[in-house]
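J.: Just the structure for this:
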Amino acid sequence: MIPTKPHAALLASPGLGHLIPMVELANRLITHHDFHVTIFVVTMEPTASNKPIDLLPKQPYTSPTLYNLVVLPYVDSSAQMSPSDKIMTRLAIMMRGYVPSLRAELGSMKHNPTLLVVDLFGTEFLSLADEFDMVKYVYIPSNAWFLAMTICVPLLDKQAKHVGPLNIPGCKRVEYDDILDPIFDPENKDYDAYVRIALDLGTADGVLVNTWEHLESKTLFSLKNNKILREIFNKRVYPVGPLVRPVSLDYLGGELLEWLDDQPKESVLYVSFGSGGTLSSQQTTELAWGLEMSQQRFIWVLRPHIEHDGAGALFHAMDGQGQIISQYLPHGFLTRTHNLGKVIPMWAPQTEILAHKSIGGFLSHCGWNSTLESLVNGVPIIAWPLYAEQNMNAALVEEELGVVIRPKVLPTKGVLGREEIKKMIIKVMEDDDGIKMRVRAKEVQKYAKEAFTIEGSTLKSFSEIANTCENRLTDQRAKASIIN
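T.: Numbers count the residues shown, from 1 in each chain. Model prediction:
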């Protein structure tokens, strides 16, 4: 049946870092462009609950009246994986196994979908859009610089290991220490998986990127106009950001909100490494001492040490504070810092915390979701990248905007000592450099809001996407009338 308005099918790869941006994209399509939306979710293991809502964190992400959230039946692809396979290869194999499931779900839908959107790891699903006569886009929940690097990867010489900066036509080069791991070793399966994704991007009708014109004007211009880039990738790039979750202060909770309200303006450092970020016990100890020695107010979201990864019982033990949390920290830390800060186990309402007037800095892993949440709230960042493209994110925001400071030694290369951590915290929270960073961060915040105005790049992108889908819907109706 042909729907009366466009119906979008969005496919999210496993993990909150992929699901949450899809939810925000869905909210935008629904509330501003009157789409029907179904989000299909892929999981890495059988879920204990049959309720899709349980896949989302304790935040206002879900509204059953807005969109459908469907968990695809679990597919066990472990037999196709080897113990040496890394995360990108594993994700590619796993996602491939879900193609028949999504095909079946699309075929059983009451209304024929008009639009298919997949993320970076779902490019193999794009062929389904042709089967169902859908507009097809890839949504990159990262920045345009990362997209530019990705589409250039197939040009690299597979016979030679990469040993220097990566030059991207018309764009800022990627320094050696910031390059993604798969590029370093062409003999690694992750390299092949990454190249395949890069090539698959060219089969989409366009790419959506969670950025905006003012943030990456040079890169977006090059993706549109640079001759070499256009020969590699001749599809339209739509800046649709910053897509971040709206603030709901009710989710701060009474005790945390009261504590934040009692702190001076821009005096609290928020410390979090995202939904998947963990530190070693040695690094956790150094960070704790750095926080204490700085004597700055803080909120620290603490997760189990990386040495304990996979010990499921530990995650349940972290549900409470007290003695369970203290075993991960220097002796007496919680007592000595009782009047300075809050240590929160596992999870905190990050969007709400960053939006609070008392927050003056963010010590972050620089995942793009967290980076955007910091930018839209005018909060400068202490960069602590851990994996994926996080080093690139930190470099982009430091060099282009001047609202980030990076440590002398990358956290991926060694342990940061307490003295350096203390100095970085004081620099952002107290020194003149930190004050200047906050001023610049407030300017970025202003430009982020302007992206959604009538003249803004984001509103224009969504209008063009909606018009393309309306045109496809008209074509579908015309075809249906001929058949009937």
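
J.: Go ahead and confirm V343 touches L302.
T.: Yes. Contact criterion C-beta atoms under 8 Å: V343 and L302 qualify, at 5.4 Å. For every residue, glycine as well, the C-beta is placed using N, CA and C.

J.: Now the residue most central in space within the chain: which helix or strand?
T.: Central residue of the chain (C-alpha atoms, centre = their mean): N369, 3.9 Å from the mean position. Using DSSP states H and E, N369 sits within helix 368-375.

J.: what comes into contact with that helix?
T.: Applying C-beta atoms under 8 Å, 6 or more residues apart in numbering, the contact partners of helix 368-375 are 17, 20-21, 141-143, 146, 210, 215, 241-245, 272, 274, 350-351, 354, 362, 364, 380-381, 389, 393, 397, 401, 403, 441, 444-445, 448.

J.: thinking again about what came up before, tell me, what's touching V343 and L302 both at once?
T.: Shared contacts of V343 and L302, defined by C-beta under 8 Å, 6+ apart, comprise I325, L329.

J.: more crowded one of those two?
T.: L302 (23 against 20; other C-beta atoms under 10 Å).

J.: So for that one, what's the pLDDT?
T.: We have a pLDDT of 93 for L302.

J.: tell me the contacts of it?
T.: T284, M318, I325, Y328, L329, V343, I344, P345, M346.

J.: Tell me which of those residues has the lowest pLDDT.
T.: Lowest confidence among the contacts of L302: M318, with 36.

J.: Helix, strand, or coil at K342?
T.: strand (DSSP: H, G, I helix; E, B strand; the rest coil).

J.: In space, what's closest to it - neighbours in sequence excluded?
T.: I299 (4.9 Å; C-beta to C-beta, 6 or more residues apart in numbering).

J.: Go ahead and confirm F184 touches K161.
T.: Yes. Judged on C-beta under 8 Å, F184 makes contact with K161 at a distance of 6.3 Å.

J.: Okay, domains of the chain per the record?
T.: Domains of the chain are assigned by automatic domain parsing as 7-241+454-483, 249-447.

J.: The shortest one: how far from the chain's middle?
T.: The chain centroid and the centroid of domain 249-447 are separated by 17 Å under C-alpha atoms, centre = their mean, to the nearest Å.

J.: Around S217, count how many other residues there are.
T.: Residues near S217, counting by other C-beta under 10 Å: 14.

J.: that's a strand at the residue nearest to K342, yeah?
T.: Yes. Counting by three-state DSSP, I299 falls inside a strand.

J.: Just the buried positions in the helix or strand harbouring R196, please.
T.: Using DSSP H and E, R196 sits in helix 189-201. If you call a residue buried by 16 or more other C-beta atoms under 10 Å, then helix 189-201 has these buried ones: K189, D190, Y191, D192, A193, Y194, V195, I197, A198, D200, L201.

J.: on that earlier part again, buried ones among the contacts of L302?
T.: Among the contacts of L302, those scoring as buried are T284, M318, I325, Y328, L329, V343, I344, P345 (criterion: 16+ other C-beta under 10 Å).

J.: Sitting in helices, which of those residues do you find?
T.: Within those, residues falling in helices by DSSP state H are T284, I325.

J.: Out of the buried ones among the contacts of L302, which is nearest to L256?
T.: Set against L256, the nearest of those by C-beta to C-beta is I344 (7.8 Å).
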